[in-house]
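K.L.:
give the three-dimensional model of this entry:
(one chain, ligands or ions: 2)
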Amino acid sequence: MKILVVGGGGREHALCWKIAQSPLVETLYCAPGNPGIAELAECVNIAADEIETLCEFAQAEQIDLTVVGPEVPLTMGIVDAFQAAGLEIFGPNQAAAQIEGSKSFSKNLMAKYQIPTAAYQSFTEHADAVAYIKEQGAPIVVKADGLAAGKGVIVATTEEQAIAAVDDIMLDQVFGSAGASVVIEEFMDGEEASFFAFTDGKNILPLASSQDHKRVDDGDQGPNTGGMGAYSPAPVVTADLHDEIVDSIVKPTIAGMAADGCPYSGILYVGLMIKDGKPRVVEFNARFGDPEAQPLLMRMKSDIVPVLQACARGELQQEAIEWHDKAAVCVVMASGGYPGSFKKGLPISGLNDAAQIDDLMVFHAGTSLQEGQVVNNGGRVLGVTGLGDHVKEAIEKAYQGVAVISWDQVHFRKDIGARALNRA
Ligand code: AMP
Ligand code: GLY
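P.N.:
Ligands and ions are numbered 1, 2, ... in the order given. Okay, the predicted model is just below:
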């Protein structure tokens with residue numbers, strides 16, 4: 001088979017790494033890819049949102065299956081375009097990708113199908129939003145309706161902060177059209193976890209549990225990021241809780257989407273808040289998590305390609321995924337300053353040394369090559385992922401890798417996996 005992976009971050013590096021191991025794969029392409037992916041796949045210089053060009057490439061190369069990593073092409077309708085051209089593709093179509101692309105869409109779906117989540121209201125009028133905040137009081141959460149690269153959510157501890165967030169989103173339009181409407185919801189406390197399930201629109205195939213670390217600094221301090229590290233399994237998700245998430249959240253979501261004439265296929269990402277053993281949905285995403293994909297895919301024993309293909313074809317029969325009985329921990333090495341501004345083009349050392357370490361993968365995210373030298377080129381730069389017999393060993397392995405890699409102003413958290421250790 002010829003497979004094309006769309007995207008160029010750590011998640012896509014992990015996907016390419018896993019897909020490349022399948023005996024079914026003859027040629028693997030990645031668009032646009034990155035220098036790490038280039039060691040496994042043929043990188044094609046087409047951006048992930050150039051849908052027409054990607055479609056032309058897939059037709060010309062007779063790609064058998066395209067796998068989409070990031071949300072932006074999904075919400076732009078890449079799946080619809082490929083399917084119209086008779087090409088097989090893994091991911092939800094544009095209508096179904098609204099589950100991530102529009103907070104109002106996903107909140108309405110949850111309300112309609114009684115899926116546990118925070119109480120909320122949507123607003124298109126600034127004055128109404130402000131009045132609601134005053135009525136509800138703080139803490140309260142303000143969300144821009146559309147995609148805002150993970151920055152459109154403000155967890156406000158005071159009414160003033162919440163109103164300032166509504167001003168920024170609706171009056172100053174800091175997230176552009178993503179802020180034409182806002183969702184204001186109840187603050188949920190508890191422990192977060194990420195839950196993923198493959199689906200063909202009818203059947204579901206859950207993955208192992210995982211958890212990421214969203215805040216930039218140790219001890220969950222500082223601003224939210226795309227994710228500073230992740231581990232799998234997540235002990236907070238017990239076997240009973242796993243079943244409850246599947247029954248009370250994943251199944252009714254997939255059934256509800258189908259009943260609404262908007263069947264969802266691909267991978268469903270459920271962001272959860274767990275309190276007193278009860279799960280509630282924080283958000284849905286229409287794709288794999290990044291960095292959760294890195295530890296999950298390192299633990300996955302089953303061939304991923306038949307699963308991706310079955311989802312794309314609406315023929316998902318497989319009932320379970322086999323996992324390595326190991327823990328995996330991914331530590332993200334980021335550019336100093338991220339999620340704010342940072343310097344690019346700084347040379348990264350130690351990658352060859354890290355490559356010598358067993359049970360360790362250094363997944364590239366924001367890197368590029370300058371005259372043969374790997375340099376940083378984005379906020380999250382590398383996802384150093386270790387496998388171990390248990391979480392403590394996986395943490396040690398990942399940090400063993402981190403210790404040999406460096407560049408000027410590198411930033412990483414030193415407590416990735418600590419919550420899992422506390423529960424172990
Ligand atoms: P989202 O983009 O919806 O995942 O939100 C980003 C982050 O904001 C989440 O991972 C949570 O840490 C936090 N968050 C979002 N909604 C809520 C909520 N209702 N209560 C508490 N924290 C929330
Ligand atoms: N790790 C969070 C995300 O992928 O959105």
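
K.L.:
who in the protein is up against ligand 1?
P.N.:
With the criterion set to Cβ under 6 Å from any ligand atom, the chain comes near ligand 1 through 118, 141, 153, 155, 185-188, 192, 214, 224, 271, 282-283. (Glycine included, C-beta is placed from N, CA and C.)

K.L.:
just the strands in the stretch 201-350 of the chain please.
P.N.:
If you assign secondary structure with DSSP state E, counting those that start in this stretch, the strands in the stretch 201-350 of the chain sit at 204-206, 211-212, 215-217, 221-224, 229-232, 266-275, 278-285, 327-335.

K.L.:
which of those sits closest to ligand 2?
P.N.:
strand 211-212 (4.3 Å; Cβ to the nearest ligand atom).

K.L.:
please, which helix or strand holds residue 16?
P.N.:
Using DSSP states H and E, residue 16 maps to helix 10-20.

K.L.:
partners of the following helix or strand past that helix, with directions?
P.N.:
Remark: after helix 10-20, the chain's next helix or strand is strand 27-32, criterion DSSP H and E. On the basis of DSSP bridges, the sheet neighbours of strand 27-32 come out as strand 2-7 (parallel), strand 42-43 (parallel).

K.L.:
in the longest one, what's buried?
P.N.:
Applying a neighbour-count criterion of 16 or more other Cβ atoms under 10 Å, one finds 3-7 buried in strand 2-7.

K.L.:
let me know the angle separating it from helix 10-20.
P.N.:
170 degrees (axes from the mean of the first three to the mean of the last three Cα atoms, to 10 degrees).

K.L.:
for the stretch 151-300 of the chain, what are the low-confidence residue spans?
P.N.:
Along the stretch 151-300 of the chain, the model assigns pLDDT under 70 to residues 151, 178-179.

K.L.:
so which bits of it are right by ligand 2?
P.N.:
Counting by Cβ under 6 Å from any ligand atom, the positions of the stretch 151-300 of the chain adjacent to ligand 2 are 212, 226-227, 285, 289-290, 292.

K.L.:
next, work out how far apart the most centrally placed residue in the chain and residue 209 are.
P.N.:
The structure's the chain has its C-alpha centroid closest to residue 289; by Cα atoms, centre = their mean the separation is 1.9 Å. From residue 289 across to residue 209, the span is 12 Å (Cβ to Cβ, to the nearest Å).

K.L.:
joint contacts of the two?
P.N.:
Taking Cβ atoms under 8 Å, 6 or more residues apart in numbering as the contact definition, residue 289 and residue 209 share the neighbouring residues residue 194.

K.L.:
residue 418 and residue 326: what is the separation?
P.N.:
19 Å.

K.L.:
so which elements touch the longest helix belonging to the chain?
P.N.:
Counting by DSSP state H, the longest helix found in the chain is helix 391-404. Of the remaining helices and strands, those touching helix 391-404 by 3 or more Cβ pairs under 8 Å, 6 or more residues apart in numbering; DSSP states H and E are strand 229-232, strand 327-335, helix 351-355, strand 360-364, strand 380-388, helix 418-423.
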